[in-house]
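A.B. asks: Structure for the following, please:
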Amino acid sequence: MYSTIMWSKYYASKKIKTNMSSNDSFKDTDSVIMEKMEQPPVPNTKARDGWQGRMDFLLTCIGYAVGLGNIWRFPYLCYKSGGGAFFIPYIIFLLLCGVPLFFLEVSIGQFSSLSPVTIWRFCPLFKGVGMGMVVVSAIVCIYYNVIVAWTIYYLFMSFKNVLPWSHCYNSWNDERCVDGLEEVLNITSLNITSANHTKMTASEQFWENHVLAITDGIEDSGRLRWQLFICLSLAWLCVFLCLFKGVKVLGKVMHFAAPFPYLVLIALLIRGIQLPGAVEGIKFYIIPRWEKLADYQVWGDAALQIFYSVGMAWGGLITMASYNNFHNNAYRDAMIVPIINCGTSIFAGFVIFSVLGFMAHTAGTTVDEVVKQGPGLAFVAYPEAVAKLPFSPLWAVLFFLMLFTIGLDSQFGMFETGISSFIDEYPSLLRSKRVLLAAVGCFVEFLLGLPCITQGGIYVLQIMDWYSSSFSLMMISLLECVVIAWIYGTERFFKDIELMIGYKPHAIWHYMWRYVTPAVIFGVWLFSIITLGPVTYDGKSYPTWAIVLGWILGMVSLVPIPLMMIIQIINTDGDTIVERVKKLTVPAKNWGPSKEEDRERYVQSLSIDESTFSNMNGGPVDCEVALLQHKQKIERNGTSL
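C.D. replies: From the prediction side, this is the model:
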């Protein structure tokens, strides 16, 4: 329901009902309605940057959505969830949850040209939801750039004539090291489990003994890894150089950074399918095991993967869409990007499993023996396979350069979310100081990431990844969808979209946003809560204090929601809490498009017809008074009702 309707209904019914016999009261009601309806939304104080072209936005969205999870998490989920059968729940959740939320966030971001915090002018009571998005992105930025730092280090090591993880003649290798995957699998099959005799591949020892120099647990943090310190510094320097001038520079960077991984994936696939055993790996990947669809875990994993890969509720989509031209076809883009993202996941699976098939063939074992999840796939299994290829340094450089660009693409979107949120909240103070703000933000996040590059840093990183973006992300997205669909209203939202693209979306989105998508999100939230066990790494349990720390990290993004509700209610005028809440669920006066010509069209679109008033509570007097005042306003503005 439109804000003018709400103001008319609230003030007219409140004061006319109680003071019908008093002319003064009637005049008071009249003046209040006029005051609310005469004040147009207040324009933004300063002009905001924008994309230089449509492809800037599209490529940035693709780069943001296509992350490391497409490379190392999706293939593993396919392996353990029934191969090609996993595509079915994955695509279903893409259609029921991924695309609707993507369309919703891109639309409201483009309409308002505001970042995830300031955008809640459309319903100020829930401003904390936007803050929660920024907190989640900020936490993930800390450890995500540590992963980027790992890829930088591997990239440097790939320029050597002989890859250091291809042999056992390095200072970090010990007597347990073997050069070939075949040897270690054969030895493992003998059930030799003694800690002193368990064999490890050269790539595994390079990862654990050299890159991480890992300790026995989180209790022992060890020393700072100076190699990773340098790489983390370079990673944050790249983020700063691409974002300190805003989206004008970022858009140009993404013209290279977004398509480059696809070129590398194509090259790796062409090479991979030529390897012996590649066909078996691909068959293992795509042949469905239908019985797995009866397992609820498969469906839950598919839903969670959609959230992690498409990027809803992180704030990045709203941020990037806020730099769009007001009349950009957000409807079209919202259909394109999620499909490209999920198509990338499936395509990357072919690349990964062709190489895993080669590894299994070399080792004389089955594909499932060499499949690992997470860093184990990108930093152990794949380097092991690359080391066996002809011209192995070349393929290693391409692979880790691809991981580097994929990681940075997603990092750009998350970090820009925080920068733009601060600037939009305090535009007169910070918009001219963007360079300084970006530098301070990068430096603070760099310092917070230092515990993750100690010898025990992998345990800290695992806690952050385990808790920070799981159940809290689902709750944030659920509130976002419910508030826009039920409080702001899908009818009004449809009008906003029509104002931008020239036509209303199909009515199916009304039902998706109000019923289907919230129900799916709620189910995913329950699943994430039920299945979220205590954090572990490589089978090692964590102490109680570390688990408590993890839950605090998970809850910290939800704290702003009730906190901001309380603050907003306290700072809002009103005789009762109910009155204040009603005011805070109506769009603020400065809500609307940022450009003056778009704002004028927006104000005109808020016309109120008589049929809407006839359905209001409070009787015909309320409707007549409010409609009369609206007609007077229209006449003064020189437009027709």
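A.B. asks: Using CSV, write out every CA atom in stretch 404-412.
C.D. replies: C-alpha atoms of stretch 404-412 as CSV (Å, rounded to 0.1, in the frame of the first residue of the first chain):
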residue,chain,number,x,y,z
PHE,A,404,42.9,-15.8,-8.0
THR,A,405,40.6,-13.9,-10.3
ILE,A,406,37.5,-15.9,-9.2
GLY,A,407,38.3,-15.1,-5.5
LEU,A,408,38.9,-11.4,-6.2
ASP,A,409,35.7,-11.1,-8.2
SER,A,410,33.6,-12.2,-5.2
GLN,A,411,35.8,-10.2,-2.8
PHE,A,412,35.1,-7.0,-4.8
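A.B. asks: So for it, mean pLDDT?
C.D. replies: Stretch 404-412 shows a mean pLDDT of 93.
A.B. asks: now swap in stretch 313-327 and tell me
C.D. replies: pLDDT averaged over stretch 313-327 gives 93.
A.B. asks: do the same with stretch 460-468
C.D. replies: Rounded mean pLDDT across stretch 460-468 is 93.
A.B. asks: gap between it and the chain center?
C.D. replies: Distance, stretch centre to chain centre, for stretch 460-468: 16 Å (C-alpha atoms, centre = their mean, to the nearest Å).
A.B. asks: Need the contact partners of it.
C.D. replies: Contacts to stretch 460-468, defined as C-beta atoms under 8 Å, 6 or more residues apart in numbering, come from residues 136, 139-140, 142-143, 146-147, 218, 451-452, 454, 532, 535-537, 542, 546, 549-551, 553-554, 557. All C-beta spots, glycine's among them, are computed from the backbone N, C-alpha and C.
A.B. asks: Please apply the same query to stretch 341-357.
C.D. replies: Everything outside stretch 341-357 that qualifies as a contact, by C-beta under 8 Å, 6+ apart, is 62, 65-66, 70-71, 74-75, 78, 87, 90-91, 94, 98, 262, 265, 268-269, 272-273, 275, 277-282, 284-285, 305-306, 309-310, 367, 370-371, 377, 381-382, 385-386.
A.B. asks: Also stretch 423-438?
C.D. replies: So stretch 423-438 is contacted by 44-46, 48, 114-115, 117-118, 240, 243-246, 419, 422 (C-beta under 8 Å, 6+ apart).
A.B. asks: how long is stretch 318-330 end to end?
C.D. replies: Using C-alpha to C-alpha, to the nearest Å, the end-to-end distance of stretch 318-330 comes out at 12 Å.
A.B. asks: That one: which residues count as buried?
C.D. replies: If you call a residue buried by 16 or more other C-beta atoms under 10 Å, then stretch 318-330 has these buried ones: 318, 319, 320, 321, 322, 323, 324, 326, 328, 329, 330.
A.B. asks: Spit out the contact partners of the residue positioned nearest the centre of the chain.
C.D. replies: Residue closest to the average C-alpha location in the chain (C-alpha atoms, centre = their mean): residue 311, at 3.0 Å. Listed by C-beta under 8 Å, 6+ apart, the contact set of residue 311 reads 64, 65, 67, 102, 317, 410, 413.
A.B. asks: For the third one, which non-adjacent residue is spatially closest?
C.D. replies: For residue 67, the nearest residue in space outside its immediate sequence neighbours is residue 410; the separation is 4.0 Å by C-beta to C-beta, 6 or more residues apart in numbering.
A.B. asks: Tell me how many other residues crowd the one you found.
C.D. replies: 26 (other C-beta atoms under 10 Å).
A.B. asks: Wasn't it part of a helix?
C.D. replies: Yes. Under DSSP: H, G, I helix; E, B strand; the rest coil, residue 410 falls within a helix.
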